[in-house]
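Chemist: Build me a model:
(one chain, ligands or ions: 2)
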Amino acid sequence: MSEGYNHKEIEARWQSTWHETGIYATDIRGARRPYYNLMMFPYPSAAGLHIGNLFAFVGADIHGRFMAMNGYDVFEPIGFDAFGIHSENYAIKQGINPRILTARNVERFRETQLKISGNRYDWSHEVDTTDPAYYRWSQWIFVKLFKAGLAERKRAAVNWCPSCKTVLANEQVIDGRCERCDTVVEQRELEQWFFKITNYADRLLDHLDHLDWSEVVKTAQRNWIGRTVNPEDGKVEYHLRDWLISRQRYWGAPIPIVYCDRCGTVPVPEDQLPVLLPDVEDWKPKGTGSSPLAAIPSFVNTTCPNCGGAARRETDVSDNFLDSAWYFLRYPSTQFDDRPFDAELTAKWLPVDMYIGGREHSVLHLMYTRFITMALHDLGYLPFDEPFKRFRAHGTITKDGAKISKSRGNVVNPDEYIETWGADTVRMYLMFMGPYTQGGDFSDRGISGVRRFLSRVWHLVVKHADHVYSGIAPVPYRRRLHQTIQSVTEDIRELGYNTAIAALMEYVSTIQQRDELYAEEVESLLLLLAPFAPHITEELWGRIGRPYSIHQQAWPVTDPALLIHETETIAIQIDGRARGTVELPTAAAEDEAVEAARQVEAVQRYLNGSAIQRVIYVPGRIINLITRG
Ligand SMILES: [Zn+2]
Ligand SMILES: [Zn+2]
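Modeler: Ligands and ions are numbered 1, 2, ... in the order given. Next up is the predicted model:
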């Protein structure tokens, strides 16, 4: 009897070893094959990391691990989108200053949730949007856009959320309701700050044809931009409106503008940024149409940077979607205090190679990032004008068939599941529930099945650890292995994680029945499993005497000679009469056999366009195509 699979001990030990040895820290300057693997950074809410966040992050992490084992220098950073109404609404509910609450939430997300997930984050490049060292550059972007005529203050009918007591952008109103609190939004005539995203409407639309992005997102953006051409007078109209960027709230980056009676609207000089968000007692939204900052004379009253006379500061803060519209530019350059992003590092790492996130951000975050990237490109700051080479939308998960929500009481707390089952089991289960791009249903019964699979792998490898055969495995064994390598590789490449896991499970049941295992078999199995279950595979890799770390090994390569299927000749009949033969892979499926038979010229002639009503297929012997009812 081999020793049991103790996930707690194994996971804690390898997490600290990975941290100490820095295997996930990217050589940001020296990397030879840079690959920027981005996932949407979370709002550090008081409720903690949601199982949906974990689902999104693990899927992106598997992609990153796969690319790393394929020889890329993968950069996988994470951070916190910590300003904004979402965080502030929690603070109001809890009656705690958002500054204190946010710091606490970030700590909890990082230390007790993200770090135990097993993701290969490079923590040395963490971004927190509420850090003055970060929002200084959000303000810098505002100033740049203002100077370029892309930010303007104007009076307009705007969306007002009476519950959040602030205006909202059109993109933040979903079916007439506030995106954050679900309250019915009102229209108010107000003077507000706008970014002129409409200047970019045609470019935002036309580029979509060439972007390697999930279709669902491209369609949503096309519809949102909504370009229509009126044939009579040929007038072009758009659904897209300018991006309303000001908020009458406390928890955001102050808009870096000063009003002077003599000079008018003056941007804060770049060397005077950041305009610090003051620490105040009364930070709750007032509903007066002004931010709480308007009630703080020491903040409001300032001197004009232009003439030195008395002046007033803008008291609105910017939409936190501005913070998240450029965070991916910051990650590689977090060590710089004197520039938002370093030109050399930006050219090396960007645009982002792969971005994975939720489709609910199609016309919000994903549209704003494209606009900001285009604007910064046109101003000469970026050598590219699209931020993400590839974007893939992941699916959503339900619990026991129902939407996961607090009110239903079916919230899945990832910490508890990781504690009970281990991060490897939770990771694999999340990926096994259904196709990653569609999502699946989380159930406690399902997770125990995945745990049993990992225990099986554990016992299998531990049992054979001292006596795996070092010689070359017999051809049938190798053929089976290389077919598995082939299908797992193809599936992972397309984010088909559930089918990759199914192939691994099938493979394990096959080799489990045998008395002897060969080194190539055990090694390849662990390597293929490594992106999904990074801890157990690292442990077992050591136990079979292989050098640390499995995550720095090369992905197994298939031997094409072993992938040629054995074939057999079967007879084709049409309505019971022999009409030819076809060469098929052994045990081909019926639709495969029908498709192959249809390609035979004689069959096409005899069928002469008639529809096949029925098929009688005896694998290895005969396929009879019936055209008569
Ligand atoms: Zn609201
Ligand atoms: Zn002045």
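Chemist: and stretch 171-183, how far apart are its ends?
Modeler: Distance across stretch 171-183, first residue to last, is 15 Å (CA to CA, to the nearest Å).
Chemist: and that stretch, does that touch ligand 1?
Modeler: Yes: counting by CB under 5 Å from the ion, ligand 1 has neighbours in stretch 171-183: 178, 180-181, 183. (Each C-beta comes from the backbone N, C-alpha and C, glycine too.)
Chemist: So which of those residues wins on neighbours?
Modeler: Going through those with other CB atoms under 10 Å as the criterion, the one with the most neighbours is Cys178, at 21 neighbours.
Chemist: Quickly list what the spatially closest residue to it that is not a sequence neighbour is bridged to.
Modeler: Excluding its sequence neighbours, the residue lying closest to Cys178 (CB to CB, 6 or more residues apart in numbering) is Cys161, at 4.1 Å. Here Cys161 shows beta-bridge partners Thr166, assigned using DSSP bridges.
Chemist: now the residues of stretch 171-183 next to ligand 1 in TSV, with pLDDT, distance to ligand 2 and secondary structure?
Modeler: Output for the residues of stretch 171-183 next to ligand 1, formatted as TSV (pLDDT from 0 to 100; distance: CB to the ion, whole Å; DSSP: H, G, I helix; E, B strand; the rest coil):
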residue	pLDDT	distance to ligand 2	secondary structure
Cys178	93	37	strand
Arg180	86	37	coil
Cys181	89	39	coil
Thr183	95	40	coil
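Chemist: re earlier: where's the residue nearest to Cys178 relative to ligand 2, distance?
Modeler: Between Cys161 and ligand 2 the computed distance is 34 Å (CB to the ion, to the nearest Å).
Chemist: What about that residue, how many residues nearby?
Modeler: In terms of burial, Cys161 registers 23 neighbours under the definition other CB under 10 Å.
Chemist: Can you give me the distance of the residue of the stretch 201-350 of the chain found nearest ligand 1 to ligand 2?
Modeler: With CB to the ion as the measure, the residue in the stretch 201-350 of the chain that lies nearest ligand 1 is Pro285; the distance is 10.0 Å. Taken as CB to the ion, the spacing of Pro285 relative to ligand 2 amounts to 30 Å.
Chemist: cool, Trp224 as well?
Modeler: The gap separating Trp224 from ligand 2 is 40 Å, by CB to the ion.
Chemist: can you confirm that residue is in a helix?
Modeler: Yes: using DSSP: H, G, I helix; E, B strand; the rest coil, the secondary structure at Trp224 is a helix.
Chemist: and the residue in the stretch 1-150 of the chain that ligand 2 sits nearest to, what is it in contact with?
Modeler: When distances are taken as CB to the ion, the stretch 1-150 of the chain reaches nearest to ligand 2 at Phe146, 15.8 Å away. Under the criterion of CB atoms under 8 Å, 6 or more residues apart in numbering, the neighbours of Phe146 are 257, 267.
Chemist: 6 Å instead, please
Modeler: Applying CB atoms under 6 Å, 6 or more residues apart in numbering to Phe146 gives the contacts Pro267.
Chemist: quick revisit: what two of the residues of stretch 171-183 next to ligand 1 are the furthest from one another?
Modeler: Of all pairs drawn from those, the greatest distance, 8.7 Å, lies between Arg180 and Thr183 (CB to CB).
Chemist: Sweet, I'm off.
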